[in-house]
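>>> quick one, fold the following:
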Amino acid sequence: MTENLVTTFVDEARELLEDLEKALLQLEQDKHSKDSVGEVFRTMHSLKGSASMFGFDTISNLTHHLESIYQSIREGSRELTEEIFSTTLTCLDHLRNLLEDSQMQDSKTKERHGQLILEIEKLILEDNKQSGAQPTVKVSAEEITYYILFKPVHEILRDGTNPLFLVDDLLQLGTGIAMPFMELPKLNDLVADFSYTGFEIVLSTSKPEKEIQDVFLFVGGDAEIEIRKVGEGNLLEEAKTLEKLKSSQTFVSKLGESYVRSQILSLTQSSIQAVAADLKKAKNTSNVRVSSERLDELMNLVSELVTTQASLTLLAESDPSGELTGIAENVEKITRRLRDNAFTMSLIPIESLVVRFQRLVRDLSNELKKDVDFKVEGADTEIDKSIIEKLSDPLLHLLRNAIDHGIESPEEREKKGKRKQGTILFKSYYSGANVIIEIKDDGAGIKFEKIKKIAIEKGLIAPDVELSENEIINLIFLPGFSTADQITGVSGRGVGMDVVKRNIGDIRGEIEVTTKVGQGSTFQIKLPLTLSIIDGLRVEIGTTEFILPLFAVQKCYEIVTSQLTETFNQWVTLDGQRIPFFFLRQDFNATNEAPYHSQIIKIIQNGNPVGLVVDRIVGDYQAVLKPLGHLYRNQDEFSGATILGDGTVALVIDPVKLIQRHNLSQVASLKKVTPYEK
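Just a heads-up that it's a prediction; the model follows:
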């Protein structure tokens, strides 16, 4: 067997295990959900089959044992207990280890495998004692599957009857699908308010046949109606929508009861599972698996194309004949479209992280004996895969803190008049060219006095210093700061929140905290959509050009330079609003004479406007971000560099870090020891 095939299996198995974990966590929310039980069973079945095919017998063996338990649960012959659920999650973690060590060369892995097999066999044995026999595959006898023909007369709409409402009423009785067909006259004979559509419906229901008949009670002679029993049990249970039937209809003539009967009755229990698997494969045929290396290579090539396009545009501007201008404009349009498509391919929904978070919340809340309801909104929000990879650890730490420090014990919450069950909301959404992620809890909130007291004890601030609430909150991001009363496996070692802020800063993100004592806290993270290519504003400071990310720019102003240099406290009034500003000539040590007019670029930092003063705005620019070298890694005010069309290098300014650096000079005076020293 080739190494490529094994690698493909391992990748697919990891995806199946993620799907399995997601289905299990959904099942825990509703232990009587047939859909969730069916999804768990089908995913196990797929994993078992693939593992067996590729020679991963240890995985196949363990999954087979688990599958037997969930077969019984699916049939209704046993209940899903907490013991079964916990054992399944433990097996899930073990299966991930087996992907790395399928031969169980690690003695701990081998020992764990044996223990889990014994635990599962014990559960199966208990099930057999209760039922008195080995579980067998069967369909429920409580339901009956019907074939229904509903062919309204042409004038039915004129009588005020909507056939779609009747079909919907039928489907409410159980599990079913409706297959429309049309019998159209010649074009000249068409009548606008006539109905030419009939329906063939396959319905599995436990309701008596009379309730089906009652749906058509007021239709009377306005439709041709046939109701025929196809078979015992819910024959649609496994292959829910029976796409096989849907794909067979011609929409010009009826399928007929005999065809439906033959199709359904030909689907035995095992073949129904096969159809379901085929449907899942068919659903994925429009997607192509591409390795992350190839995506990275594509982004690199697009980046090179963007740089080359900038050179072409520069050449066209210097061409006296103007023949290159049209070509350059076309290339720029195509490059932008290609760039956007390449971006889309590299975006991953945040949902890929959510399953891991759900598992963390479940396990940690159990460990800390806290009752936590974890809610998720906006899981389909997409973000660059390079950001996703670096975002996992900071988010995990924030969730740990929310459970450990934020959510109170059920007893404490009850004393405060709260629900015993705490809530953590994970929410993500788009905001302009950014993605916002919020982690919100309804716990105890952050106690300002306690934070300030600890900061003084650790020598982080002077005892007599006065700080705003926002400044106090930001103390939690200082290295070595911790509010834990004792060291546990979760917190209290003085590491964490400073690393969270640094890691988020490394991907050009910001983090803000809002809190209310007794009501909870919200950690909001603001992230760029991508790290590779940005739309920038090309500016000149002194004799050097720089790039400012365009998403940070709110508005640009022109002002006489002397009006800025003569101000006392570096505040200026723009559009009737006074805002602080910074001379970037001073920051970057420009030695040439300042121009008569300067440009003020207004950006928003932490909800407040700030002005950055530059000599000249050159124009917009697609900047391909290149990382700075090892010698410049401490230059936080720059997020990278880019190559201009003429081949020169321009540094990309990180306005957030630049403004933070200015603020540090004020903050440092408040502290005995500044944690920002390099």
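
>>> Gly505: neighbour count?
Burial of Gly505 is recorded as 17 neighbouring residues (other C-beta atoms under 10 Å). To be clear about C-beta, it is placed using only N, CA and C from the backbone, and glycine gets the same treatment.

>>> now swap in Leu203 and tell me
Leu203: 24 surrounding residues under other C-beta under 10 Å.

>>> A strand includes it, no?
Yes. Judged by DSSP: H, G, I helix; E, B strand; the rest coil, Leu203 forms part of a strand.

>>> ok, the closest residue to it other than its chain neighbours to Arg42 distance?
By the measure of C-beta to C-beta, 6 or more residues apart in numbering, the closest residue to Leu203 outside its immediate chain neighbours is Gly176, 3.7 Å from it. Separation of Gly176 from Arg42 (C-beta to C-beta, to the nearest Å): 21 Å.

>>> so which bits of the strand or helix carrying the residue nearest to Leu203 are buried?
In the assignment (DSSP states H and E), Gly176 maps to strand 175-182. Judged by neighbour count using 16 or more other C-beta atoms under 10 Å, the buried positions of strand 175-182 are Thr175, Gly176, Ile177, Ala178, Met179, Phe181.

>>> so which of the residues you listed comes closest to Gly459?
Minimum distance to Gly459 across those is 67.2 Å, recorded for Thr175 (C-beta to C-beta).

>>> show me what that closest one bridges to in the sheet.
Thr175 has these beta-bridge partners by DSSP bridges: Ser204.

>>> what does stretch 520-527 contact?
383, 387, 391, 394-395, 398, 402, 406, 431, 434-446, 504, 507-515 (C-beta atoms under 8 Å, 6 or more residues apart in numbering).

>>> mind checking how far the strand holding Gly176 is from the chain centre?
Its chain's C-alpha centre and that of strand 175-182 lie 34 Å apart, by C-alpha atoms, centre = their mean, to the nearest Å.

>>> same for it, what does it pack against?
helix 163-171, strand 197-205, helix 243-248 (3 or more C-beta pairs under 8 Å, 6 or more residues apart in numbering; DSSP states H and E).

>>> how about these, which one is nearest Ser50?
Of all the helices and strands packed on strand 175-182, it is helix 243-248 that lies closest to Ser50, at 22.2 Å by C-beta to C-beta.

>>> before we move on, the earlier item: send the alpha carbons of the strand holding Gly176 over as CSV?
Below are the C-alpha coordinates for strand 175-182, written out as CSV (Å, rounded to 0.1, in the frame of the first residue of the first chain):
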residue,chain,number,x,y,z
THR,A,175,-41.1,11.3,7.8
GLY,A,176,-41.6,11.8,4.1
ILE,A,177,-40.7,13.3,0.8
ALA,A,178,-42.9,14.9,-1.8
MET,A,179,-42.1,14.5,-5.5
PRO,A,180,-43.8,16.9,-7.9
PHE,A,181,-44.7,16.2,-11.5
MET,A,182,-46.3,18.4,-14.1
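
>>> where's Glu211, which helix or strand?
Using DSSP H and E, Glu211 sits in helix 209-215.

>>> mind listing the strands for the stretch 301-450 of the chain?
For the stretch 301-450 of the chain, the strands defined by DSSP state E, counting those that start in this stretch cover 347-349, 372-377, 382-384, 422-431, 434-441.

>>> need these in JSON lines (columns: mean pLDDT).
Below are the strands of the stretch 301-450 of the chain laid out as JSON lines (pLDDT from 0 to 100):
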{"stretch": "strand 347-349", "mean pLDDT": "84"}
{"stretch": "strand 372-377", "mean pLDDT": "92"}
{"stretch": "strand 382-384", "mean pLDDT": "84"}
{"stretch": "strand 422-431", "mean pLDDT": "91"}
{"stretch": "strand 434-441", "mean pLDDT": "90"}
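
>>> with mean neighbour count and distance to Lys108 added, can I get those in CSV?
Listed next are these as CSV, based on neighbours: other C-beta atoms under 10 Å; distance: least, C-beta to C-beta, whole Å:
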stretch, mean neighbour count, distance to Lys108
strand 347-349, 15, 33
strand 372-377, 16, 30
strand 382-384, 22, 36
strand 422-431, 18, 33
strand 434-441, 21, 34
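
>>> among these, which is nearest Leu157?
Among the strands of the stretch 301-450 of the chain, strand 372-377 comes nearest to Leu157, with 40.8 Å by C-beta to C-beta.

>>> can you state the direction angle for that closest one and strand 422-431?
Here the directions of strand 372-377 and strand 422-431 differ by 10 degrees (axes from the mean of the first three to the mean of the last three C-alpha atoms, to 10 degrees).

>>> and strand 372-377, what does it pack onto?
Counting by 3+ C-beta pairs under 8 Å, 6+ apart, the packing neighbours recorded for strand 372-377 are helix 351-367, strand 422-431.

>>> what lines up beside that strand in the sheet?
As defined by DSSP bridges, the strand partners of strand 372-377 come to strand 422-431 (parallel).

>>> so what angle separates the directions of the strand it pairs with and helix 351-367?
Using the same axes, to 10 degrees: strand 422-431 against helix 351-367 is 160 degrees.

>>> give me the contact list for strand 422-431.
Residues outside strand 422-431 that contact it (C-beta under 8 Å, 6+ apart) are 350, 354, 357, 361, 370-379, 381, 399, 402-403, 406-408, 413, 435-443, 526.

>>> just the CA coordinates of it, formatted as PDB?
The C-alpha trace of strand 422-431 is given here as PDB (Å, rounded to 0.1, in the frame of the first residue of the first chain):
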ATOM      1  CA  GLY A 422     -23.900  29.300  33.900                       C
ATOM      2  CA  THR A 423     -23.600  30.300  30.300                       C
ATOM      3  CA  ILE A 424     -20.600  30.900  28.000                       C
ATOM      4  CA  LEU A 425     -21.400  32.300  24.600                       C
ATOM      5  CA  PHE A 426     -18.800  31.900  21.800                       C
ATOM      6  CA  LYS A 427     -19.800  34.400  19.000                       C
ATOM      7  CA  SER A 428     -18.100  35.300  15.700                       C
ATOM      8  CA  TYR A 429     -19.100  37.700  13.000                       C
ATOM      9  CA  TYR A 430     -17.700  39.900  10.200                       C
ATOM     10  CA  SER A 431     -17.000  43.600  10.800                       C
END
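
>>> off-centre distance for that strand?
Distance, centroid of strand 422-431 to centroid of chain: 11 Å (C-alpha atoms, centre = their mean).

>>> mind exporting the helix or strand hosting Ile472 as PDB, just the C-alpha atoms?
In the assignment (DSSP H and E), Ile472 maps to helix 469-474. Written as PDB, here are the backbone C-alpha positions of helix 469-474 (Å, rounded to 0.1, in the frame of the first residue of the first chain):
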ATOM      1  CA  GLU A 469     -11.200  50.800  35.100                       C
ATOM      2  CA  ASN A 470      -9.900  50.000  31.600                       C
ATOM      3  CA  GLU A 471      -6.300  50.400  32.700                       C
ATOM      4  CA  ILE A 472      -7.000  48.100  35.700                       C
ATOM      5  CA  ILE A 473      -8.500  45.400  33.400                       C
ATOM      6  CA  ASN A 474      -5.500  45.600  31.200                       C
END
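
>>> and the contacts of that helix?
Applying C-beta under 8 Å, 6+ apart, the contact partners of helix 469-474 are Ile446, Phe448, Ile451, Lys452, Val513, Thr515, Val667.

>>> state the pair within these that is farthest apart.
Across the contacts of helix 469-474, no pair lies farther apart than Thr515 and Val667, at 19.9 Å, counting by C-beta to C-beta.
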